[in-house]
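Undergrad: Return atomic coordinates for the entry below.
(2 chains)
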Protein chains: 2
Amino acid sequence: MKLDDLPTPALVLDRHTLSANTSAMTERMRRHDVRLRPHMKTAKSAEVARLALKDNFGGITVSTLREAEYFLQHGIADITYAVGMVAGRLDAAAALNARGADLKIITDSVDAGRAIAAHGATHKVLIELDTGDRRGGVAPNGPALLEIADILNEAAAVTLVGVLTHAGQSYECRDSEAIAAVAEEERAGAVLAAERLRAEGLPCPVVSVGSTPTAMFARDLSGVTEMRPGVYMFCDLFQAGIGVCRREDIAVSVLASVIGHRRGDNVILIDAGALALSKDRSTAELPEDCGYGIVCNAETGEPLSDLRVQAVNQEHGFVTADQPVPFDALPIGAKVRVLPNHACMTAAAYDCYHVVSGGTEVIATWPRCNGW
Amino acid sequence: MKLDDLPTPALVLDRHTLSANTSAMTERMRRHDVRLRPHMKTAKSAEVARLALKDNFGGITVSTLREAEYFLQHGIADITYAVGMVAGRLDAAAALNARGADLKIITDSVDAGRAIAAHGATHKVLIELDTGDRRGGVAPNGPALLEIADILNEAAAVTLVGVLTHAGQSYECRDSEAIAAVAEEERAGAVLAAERLRAEGLPCPVVSVGSTPTAMFARDLSGVTEMRPGVYMFCDLFQAGIGVCRREDIAVSVLASVIGHRRGDNVILIDAGALALSKDRSTAELPEDCGYGIVCNAETGEPLSDLRVQAVNQEHGFVTADQPVPFDALPIGAKVRVLPNHACMTAAAYDCYHVVSGGTEVIATWPRCNGW
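TA: Prediction:
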């Protein structure tokens, strides 16, 4: 089957680019002597996980328990569920462990720590740290860290395995220098917390950090044991916009059909709209605003001059450019590919990837694990 | 099962509110003596369609051929596919008709009209009109209307069944007076086009218009034969913000769990983030910006003072308020319900609805038909 035979919109994944991205990150982490625990929240695919885990230790990160269940079914047992645990999910976590998972859960709360300790089932737990992202996490230098650690360490069925942080503020950086500084904040905070635990005689074998930007530009990862980047596998226009990748490193795109011409408005309508692309506008904050995506040649994947999706309705994308739009080169029925602002958001609308490898031949269809 | 037993995030649909919304629209269209052809792009559910079709003629509107296939499987044959047809989809449309569908397709293009005429299979076609939305559609008073109509009318296998328009510019209105004016633009344009076709001896039995705002506030629908609103079934914060409904008319919400407290930032973290709520920010343009959603009591569905989801990461929602956030009333593990900005976008992330009827008992699970 060829790309041209696919009903549109469809999600296209270039295995050649994907594989280059996963190999480069594997090599980067090896140079740092840090274990790579890829975050599967972007890809949500066992086939992508296999590529990401090649030459790595075999552990992954997930953002939902449904992902954990899916990856366990596909033979991946070493899983860190990197969203704060609540009491109501402990039974589900224990059930996964009973079926062979080696699940690590996280908490940043005394109350949740007590609930984990009281649950009775065996749980491996990391304490979540805030190293500047201001999302989840306790302060590496504050009292809650030790309080939670004590609660967990005293529970017979619980194993305190370490600390975990995500420097999400790296997404606010605009160059590699700034990202390197955030990477050092992330490292330093995590290592400080680990040292404080160890100084109290508490176990802390795992020091887990990471985001794609900090994984890409960290200079020194001393004391860190693992990193958890995710979007590096696919890359996207936002990552390209902050200098983390090049546009040609973007492995996912949305195949779309031209469905209308508005010559008077210099607009081409495509059948990839708000559902097919997502309403993510993260590039709006960057020097080059990519609208809802950059429009490329369907066969080569190369950008078509400066065509971008400027607006979206549910099933309509409005493509325009500063220059005259090439209506004749893109007649109704013609295909294009759209590079996404944010791969995690765009991919979530699809139940599978149509896989190519640098060409237009669809060599495989890989399912995704969506929802909760 | 109770709402409290559901894993979160989960999509909740209140059948009592839904039913009141569908009955009110049915009654409104009956008063106008216009057929209601509900647009199923929001709900994408056979069970919701059954309620929307109660006391109506039985035809629906869809936004994808996958929806058409799904609804046909569920016994609904009279379907208008209201996105511009392209040659590559004609075989799929014909296959649906061969399986019993009575599909109406639309076009606004001479080229697509020629492709439909040349296809050979029987097709029923509406000509798409632009009555101010500047998306798809030919001008009601321009030459393309008659040119396309002639092409279609001369093809033996094609039946020209009328004209269709969607006054999407009604979403830019901020009060009922402005919406009523758009409704009149929509009606007048469609009726003009129909009269021009009939004056040429061309058939035009169907004059199809509609959006939820124009359906709600149209004063006169003379000459119109059917309306195609969709989001009125569920309503959402955007529709409430432009005066089309009240907040208490919103039938869908996202059940979420509190997963973290950031007392220093006056922020509660919930497990409904960008994927669970969508990144739709349509209320940002309205007098009351609802962030990514309004936070309500999980049991009653009543808004919790002025709590709103201010920011989202993939699986994290950041809930805050101008007043101090009630941390003690919302401990970690507590449940809330979030009203969406845009029901079509939010619902698309879920594979089913958990149905309640004014209470907390989950009385049914209704699947959705997502994707393409």
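Undergrad: going forward, measure contacts and count neighbours with C-alpha atoms only.
TA: Noted.
Undergrad: Is stretch A:235-251 in proximity to chain B?
TA: No: Stretch A:235-251 stays clear of chain B (Cα under 8 Å from any Cα of the partner chain), getting no nearer than 14.4 Å.
Undergrad: cool, stretch A:53-63 as well?
TA: Yes: using Cα under 8 Å from any Cα, stretch A:53-63 reaches chain B at A:Ser63.
Undergrad: Just want the residue of the stretch 101-250 of chain A that's nearest chain B.
TA: Using Cα to the nearest Cα, the closest approach of the stretch 101-250 of chain A to chain B is made by A:Gly136 at 6.6 Å.
Undergrad: Hmm, that residue is touching B:Gly260, no?
TA: Yes: contact criterion Cα atoms under 8 Å: A:Gly136 and B:Gly260 qualify, at 6.6 Å.
Undergrad: hey, what's in contact with both of these two?
TA: Common contact partners of A:Gly136 and B:Gly260 (Cα atoms under 8 Å, 6 or more residues apart in numbering or on different chains): A:Gly84, A:Asp108, B:Leu269.
Undergrad: related to what we said a few turns ago, when A:Gly136 and B:Gly260 are compared, which one has more neighbours?
TA: For A:Gly136 versus B:Gly260, neighbours defined as other Cα atoms under 10 Å in any protein chain shown are more numerous around B:Gly260 (30 against 26).
Undergrad: ok so, going back, surely the residue of the stretch 101-250 of chain A closest to chain B is in a helix?
TA: No: using DSSP: H, G, I helix; E, B strand; the rest coil, the secondary structure at A:Gly136 is coil, not a helix.
Undergrad: Could you export the helix or strand hosting A:Ile79 as CSV, CA atoms only?
TA: Following DSSP states H and E, one finds A:Ile79 within strand A:78-81. Extracted C-alpha coordinates of strand A:78-81, given in CSV (Å, rounded to 0.1, in the frame of the first residue of the first chain):
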residue,chain,number,x,y,z
ASP,A,78,9.7,-2.4,34.2
ILE,A,79,7.4,0.6,34.2
THR,A,80,7.5,4.0,36.0
TYR,A,81,4.0,5.6,36.2
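Undergrad: Give me the residues contacting that strand.
TA: Under Cα under 8 Å, 6+ apart, the answer for strand A:78-81 is A:58-65, A:68, A:101-106.
Undergrad: how about the helix or strand that comes right after it: buried residues?
TA: Using DSSP H and E, the helix or strand that directly follows strand A:78-81 along the chain is helix A:90-98. For helix A:90-98, burial by neighbour count (16 or more other Cα atoms under 10 Å in any protein chain shown) applies to A:Leu90, A:Ala93, A:Ala94, A:Leu96, A:Asn97.
Undergrad: Surely the second one and A:Lys104 touch.
TA: Spelled out, it's A:Ala93. No: here A:Ala93 lies out of contact with A:Lys104, judged by Cα under 8 Å, at a distance of 9.1 Å.
Undergrad: residue contacts, the closest residue to chain B within the stretch 1-150 of chain A?
TA: Nearest residue of the stretch 1-150 of chain A to chain B, counting by Cα to the nearest Cα: A:Val86, 5.4 Å away. Residues near A:Val86 by Cα under 8 Å, 6+ apart: A:Ala112, A:Ala115, B:Ile259, B:Ile332, B:Gly333.
Undergrad: can you pull the pLDDT of the residue lying farthest from the centre of chain A?
TA: Distance to the chain centre peaks in chain A at A:Gly264, reaching 39.8 Å (criterion: Cα atoms, centre = their mean). With respect to pLDDT, A:Gly264 has a value of 95.
Undergrad: need the residues of the stretch 201-350 of chain A near chain B, please.
TA: Residues of the stretch 201-350 of chain A lying near chain B (Cα under 8 Å from any Cα): A:259-260, A:262, A:269, A:274-275, A:278-280, A:314-315, A:332-333, A:344-345, A:348-350.
Undergrad: Now do the helices in the stretch 151-300 of chain A.
TA: A:176-199, A:212-217, A:237-241, A:274-277 (DSSP state H, counting those that start in this stretch).
Undergrad: Figure out which of those is closest to B:Val325.
TA: With distances scored as Cα to Cα, the stretch of the helices of the stretch 151-300 of chain A nearest to B:Val325 is helix A:176-199 (27.9 Å).
Undergrad: Any buried residues in the closest one, and which?
TA: Under 16+ other Cα under 10 Å, the buried positions of helix A:176-199 are A:176, A:179-191, A:193-197.
Undergrad: next one: stretch A:17-33
TA: Residues A:Thr17, A:Leu18, A:Ser19, A:Asn21, A:Thr22, A:Ser23, A:Met25, A:Thr26, A:Arg28, A:Met29, A:His32 are the ones in stretch A:17-33 that count as buried (16+ other Cα under 10 Å).
Undergrad: and the second one, what element?
TA: Secondary structure from DSSP H and E places A:Leu18 in helix A:15-32.
Undergrad: Point out the other helices and strands that that helix packs with.
TA: Under the contact criterion of 3 or more Cα pairs under 8 Å, 6 or more residues apart in numbering or on different chains; DSSP states H and E, helix A:15-32 touches strand A:35-36, helix A:46-53, helix A:212-217, strand A:352-356.
Undergrad: Let me know the angle separating that helix from strand A:352-356.
TA: Note on geometry: by axes from the mean of the first three to the mean of the last three Cα atoms, to 10 degrees, helix A:15-32 and strand A:352-356 are set 90 degrees apart in direction.
Undergrad: just how off-centre is helix A:15-32 within its chain?
TA: The chain centre lies 15 Å from the centre of helix A:15-32; the measure is Cα atoms, centre = their mean, to the nearest Å.
Undergrad: Mean confidence (pLDDT) on it, please.
TA: Computed over helix A:15-32, the average pLDDT equals 98.
Undergrad: and it, C-alpha only, in CSV?
TA: Taking C-alpha atoms only, helix A:15-32 is exported to CSV below (Å, rounded to 0.1, in the frame of the first residue of the first chain):
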residue,chain,number,x,y,z
ARG,A,15,10.5,4.8,10.8
HIS,A,16,13.8,5.9,9.4
THR,A,17,13.6,9.3,11.1
LEU,A,18,12.2,7.7,14.3
SER,A,19,15.0,5.2,14.4
ALA,A,20,17.7,7.9,14.0
ASN,A,21,16.1,9.9,16.8
THR,A,22,15.9,6.9,19.2
SER,A,23,19.5,5.8,18.4
ALA,A,24,20.8,9.3,18.9
MET,A,25,19.2,9.5,22.4
THR,A,26,20.4,6.1,23.3
GLU,A,27,23.9,7.1,22.3
ARG,A,28,23.6,10.4,24.2
MET,A,29,22.5,8.7,27.4
ARG,A,30,25.3,6.1,27.1
ARG,A,31,27.9,9.0,26.8
HIS,A,32,26.4,10.4,30.1
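Undergrad: Mind telling me the two of the buried residues of stretch A:17-33 farthest from one another?
TA: A:Thr17 and A:His32 (22.9 Å).
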